[in-house]
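Here is a sequence with its predicted model. Questions after.
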Amino acid sequence: MTDSATQEAIYVTEALIAEDIDAYLEQHQHKTMLRFITCGSVDDGKSTLIGRLLYDSKMIFEDQLAALENDSKKVGTQGQEIDFALLVDGLAAEREQGITIDVAYRFFNTEKRKFIVADCPGHEQYTRNMVTGASTADLAVILIDARKGVLVQTRRHSYLCHLIGIRNIVLAVNKMDLVDYDPVVFDAIVKDYTEFARSIGIESFTAMPISGFKGDNITTRSANTPWYQGPTLVEHLETVEVLSSVDADKPFRMPVQWVNRPNLDFRGFSGLIATGAVKPGDEIRVLPSGKTSKVTRVVTLDGDLDQAVAGQSVTLCLADEVDCSRGDVISLADNPPQAADQFEATLVWLNDEAMLPGRAYWLKLATQTVSVTVQSPKYVVNVNTMEQLAA
C-alpha cells in the first residue's frame with residue numbers, strides 16, 4: 001500500500017476539523033464504541049497489527065513516531081523498517097524477547113466509530129491474561145500466521161472467546177506477504193479452521209488475508225490479493241454490530257452502582273444499563289426484594305431523557321420510597337430476572353492453586369460481592385483437545 005493510498009483512506013478528518021470544529025466534535029461524541037481483542041498463537045503478528053492500526057489512523061504523535069523509528073533500529077525485529085509492535089509492547093522483557101506478556105489496551109478512532117483494542121499475549125503461560133482482555137470484548141480478531149496455519153493456541157483462544165460469549169470473530173490470516181499472497185494457502189487455512197470452529201459451536205466468522213507489517217487489506221483493499229473480494233479489516237470493524245445494540249433488544253436490567261442523594265429533595269439510583277431500555281412511566285421491580293414502583297425521571301448530567309438504552313449510565317428516580325441500594329438490580333416489573341441461591345456455570349480457573357470444593361470464595365456479580373461455595377465440578381475441559389475429563 002502506497003503512502004498516497006494511506007492518505008486517501010477513510011481516516012481523513014482534517015477537512016471537517018478545519019471547516020467546522022463544532023460539527024466534528026458533535027459527530028465524534030455520538031460515535032459508537034467497539035471493544036475488540038487480538039489473539040492467537042505466539043508470533044502471529046498481533047502487536048504489529050495493532051501498531052499498524054494506530055499508525056494508519058494517525059493516532060501517533062510526531063515525537064512518538066520519532067521514538068518508534070529510533071527504537072525499531074535498536075530493538076526492532078524488522079531490520080531498518082519500522083517495527084509497529086513496539087507501539088504496544090512497552091515492557092523491557094517484551095522487547096528483549098519479542099513477545100507480548102501483559103494485556104495492553106489502546107484507543108483509536110476512525111470517521112465512523114471509536115475503538116478500544118486489547119493486545120493479548122499468545123503464550124500458553126499467559127492464557128489467563130488473554131481471558132482478562134476478552135472478558136469485555138465485543139469482537140475477537142484471531143490471527144493466524146500464513147506459514148504455520150491453525151495451531152494449538154489458535155484453537156485454545158478460539159474456544160475461550162466462544163466460551164465467554166464473543167460471537168463476532170474475524171479470522172485474520174496474517175503475513176500473507178511471506179507466502180507470496182497465495183490464495184491456495186489462504187483457502188487451506190480457512191477450510192481447516194472452519195472444521196474446528198463447527199466442532200466447538202462457532203457458527204460463523206469472517207476470514208480475510210492481511211499483512212499487518214505491509215498494510216495489506218488493513219485500511220484499503222490490497223492489489224496483491226485481487227482474488228479476495230471481502231471487506232478490509234477496518235471496514236468490517238466499522239460496520240459490525242456492537243454488543244450494546246444487541247443488548248438494547250433484551251429485557252431491561254440495571255445493576256445499581258450508587259444511591260444518588262445530593263439533597264433532601266432528590267433521591268435517585270445510578271447505574272449502567274446492562275440490557276434493554278427504560279423511560280418515565282415504566283413499571284419496575286427491585287431485586288432481590290421484589291418491591292415495585294414506577295420511573296418518574298431518567299436523569300443524566302446533560303438533562304433528563306425521554307428514554308435510555310443499554311450502554312448508557314443514568315440515574316432513575318422512582319415514584320415510591322422503596323428500599324434500593326448498591327448491588328440491587330432494577331428490572332421491568334413484568335419481566336424480572338430469576339433470583340436464585342444456586343446456579344450452574346462454566347468457570348475459567350485462573351489461579352495457580354487448584355479450586356477446592358466446599359471452600360468459601362468471593363463472587364463479584366455486577367456491583368455486589370458475596371461469599372459463595374463451589375460444589376464438586378462435573379468435569380474439566382482440556383482446551384487443547386476440547387475433551388471432557390473427570391474432575
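On my side now, so go ahead.

for the record, mean pLDDT for the strand or helix carrying residue 191?
Secondary structure assignment for residue 191, by DSSP states H and E: helix 183-199. Helix 183-199 shows an average pLDDT of 94 in the prediction.

Output the following helix or strand past it as PDB, nothing but the C-alphas.
Note on helix 183-199: by DSSP H and E, the next helix or strand toward the C-terminus is strand 206-209. Extracted as PDB, the C-alpha positions of strand 206-209 are listed here (Å, rounded to 0.1, in the frame of the first residue of the first chain):
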ATOM      1  CA  THR A 206     -15.200 -13.500   8.800                       C
ATOM      2  CA  ALA A 207     -12.000 -14.600   7.100                       C
ATOM      3  CA  MET A 208      -9.600 -12.200   5.400                       C
ATOM      4  CA  PRO A 209      -6.000 -12.300   4.100                       C
END
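
Restricting to C-alpha, output the helix or strand just after strand 206-209 in CSV.
Later in the chain than strand 206-209, the nearest helix or strand by DSSP H and E is helix 233-239. Output of helix 233-239 as CSV, limited to C-alpha atoms (Å, rounded to 0.1, in the frame of the first residue of the first chain):
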residue,chain,number,x,y,z
LEU,A,233,-10.3,-5.2,8.4
VAL,A,234,-11.2,-1.6,9.2
GLU,A,235,-14.3,-1.7,7.0
HIS,A,236,-15.5,-4.8,8.9
LEU,A,237,-14.7,-3.3,12.3
GLU,A,238,-16.6,-0.1,11.4
THR,A,239,-19.8,-1.9,10.3
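
And the contacts of the helix holding residue 191?
With contact meaning CB atoms under 8 Å, 6 or more residues apart in numbering, helix 183-199 is reached by 144, 146, 149-150, 154-155, 158, 169, 171, 173, 176, 179, 205, 207, 209, 225, 227-228, 386. Glycine gets a C-beta too; all of them are placed from N, C-alpha and C.

Let me see the contact set for the most centrally placed residue in the chain.
Central residue of the chain (CA atoms, centre = their mean): residue 137, 2.0 Å from the mean position. Shown in contact with residue 137 (CB under 8 Å, 6+ apart): 35-37, 118, 161, 166.

Give the closest residue to it in space, chain neighbours not counted.
For residue 137, ignoring the flanking residues on the chain, the nearest one in space by CB to CB, 6 or more residues apart in numbering is residue 37 at 4.6 Å.

Neighbours of the one you found, how many?
When neighbours are counted by other CB atoms under 10 Å, residue 37 registers 28.

who touches it in this structure?
Counting by CB under 8 Å, 6+ apart, residue 37 touches 117-120, 130, 133-134, 137, 139-141, 161.

Hmm, which of these is lowest in pLDDT?
Out of those, that is residue 120, at 71.

gap between it and residue 178?
22 Å (CB to CB, to the nearest Å).

These two: which has the busier surroundings?
For residue 120 versus residue 178, neighbours defined as other CB under 10 Å are more numerous around residue 120 (28 against 14).

Which residues are in contact with that one?
So residue 120 contacts 37-39, 46, 100, 103, 129-130, 133-134, 157 (CB under 8 Å, 6+ apart).

circling back: which parts of the helix holding residue 191 are buried?
185-186, 189-190, 193-194, 197 (16 or more other CB atoms under 10 Å).

repeat for stretch 332-339
For stretch 332-339, by 16+ other CB under 10 Å, it's 332-333, 336.

export the residues you listed to a markdown table and tack on secondary structure and distance to residue 295?
A markdown table is the format used below for the buried residues of stretch 332-339 (DSSP: H, G, I helix; E, B strand; the rest coil; distance: CB to CB, whole Å):
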| residue | secondary structure | distance to residue 295 |
| --- | --- | --- |
| 332 | strand | 10 |
| 333 | coil | 10 |
| 336 | coil | 15 |
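
nearest to residue 365, of these?
Using CB to CB, residue 336 comes nearest to residue 365 of those, at 15.7 Å.

phi, psi of that closest one?
phi -80, psi 160 (degrees, to the nearest 10).

Show me the beta-bridge partners of the residue found closest to it once you drop the neighbours it is linked to in the chain.
Once flanking residues are discounted, residue 336 sits nearest to residue 285: 4.8 Å by CB to CB, 6+ apart. Taking DSSP bridges as the rule, residue 285 bridges to residue 292, residue 331.

go on, residue 144?
residue 173.

Verify the assumption that residue 154 is located in a helix.
Yes: assigned with DSSP: H, G, I helix; E, B strand; the rest coil, residue 154 falls within a helix.

OK, contacts around it?
If you count contacts by CB under 8 Å, 6+ apart, residue 154 has them with 40-41, 44, 142, 144, 193.

can those residues go into JSON lines with extra columns for distance to residue 369?
Below are these laid out as JSON lines (distance: CB to CB, whole Å):
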{"residue": "40", "distance to residue 369": "34"}
{"residue": "41", "distance to residue 369": "35"}
{"residue": "44", "distance to residue 369": "37"}
{"residue": "142", "distance to residue 369": "33"}
{"residue": "144", "distance to residue 369": "39"}
{"residue": "193", "distance to residue 369": "39"}
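
Pick the one among those residues closest to residue 266.
residue 142 (48.2 Å).

Could you export the contacts of residue 120 as a markdown table, including secondary structure and distance to residue 341?
Below are these laid out as a markdown table (three-state DSSP; distance: CB to CB, whole Å):
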| residue | secondary structure | distance to residue 341 |
| --- | --- | --- |
| 37 | strand | 33 |
| 38 | strand | 39 |
| 39 | strand | 35 |
| 46 | helix | 41 |
| 100 | coil | 41 |
| 103 | coil | 34 |
| 129 | helix | 32 |
| 130 | helix | 32 |
| 133 | helix | 31 |
| 134 | helix | 29 |
| 157 | helix | 34 |
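
In JSON lines, list these along with distance to residue 308.
JSON lines is the format used below for the contacts of residue 120 (distance: CB to CB, whole Å):
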{"residue": "37", "distance to residue 308": "28"}
{"residue": "38", "distance to residue 308": "32"}
{"residue": "39", "distance to residue 308": "33"}
{"residue": "46", "distance to residue 308": "36"}
{"residue": "100", "distance to residue 308": "38"}
{"residue": "103", "distance to residue 308": "31"}
{"residue": "129", "distance to residue 308": "34"}
{"residue": "130", "distance to residue 308": "33"}
{"residue": "133", "distance to residue 308": "28"}
{"residue": "134", "distance to residue 308": "27"}
{"residue": "157", "distance to residue 308": "35"}
